[in-house]
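1. Test case, fold it:
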Amino acid sequence: MATIELTQPDALSEIEREVLSLYARGLSRAEIAQHTGLSANTIGHYLTTAKDKLHARSLAHAVFILSRSN
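-> I've put the predicted structure just below:
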């Protein structure tokens, strides 16, 4: 059975990856919420979940990890 490395961006759900990518482009939580049709609180949840799954120290670190995967 294959083991998923949680520090890899592949561990992110599609929406977590999208939200983190939009955040990386400089959009605020409110702007991401408007773009996706989700609430700003939900966007905050997805950003935190993505950061935790990537074992990142900060959102900036999570963005760095995501950028290295592309």
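2. hey, let's count contacts and neighbours off CA atoms from now on
-> Will do.
3. and the residue lying closest to Ser39 once chain neighbours are set aside, what helix or strand is that in?
-> In this structure, Ser39 finds its nearest non-sequential neighbour in Ala33, 5.3 Å apart by CA to CA, 6 or more residues apart in numbering. Using DSSP states H and E, Ala33 falls within helix 29-36.
4. so where is this structure shaky, pLDDT-wise?
-> 1-9, 70 (pLDDT under 70).
5. how about 50 then?
-> 1-6 (pLDDT under 50).
6. Could you report the neighbour count for Gly37?
-> Gly37 has 10 neighbouring residues, counting by other CA atoms under 10 Å.
7. Could you measure from it over to Ala30?
-> 10 Å (CA to CA, to the nearest Å).
8. What residues does the residue nearest in space to the middle of the chain make contact with?
-> By CA atoms, centre = their mean, the chain has its centre lying nearest to Leu20, at 3.2 Å. Counting by CA atoms under 8 Å, 6 or more residues apart in numbering, Leu20 touches 47, 50, 62-63.
9. Counting only helices, which of those make the cut?
-> 47, 50, 62-63 (DSSP state H).
10. where's Ala60, which helix or strand?
-> Per DSSP H and E: Ala60 is located in helix 59-68.
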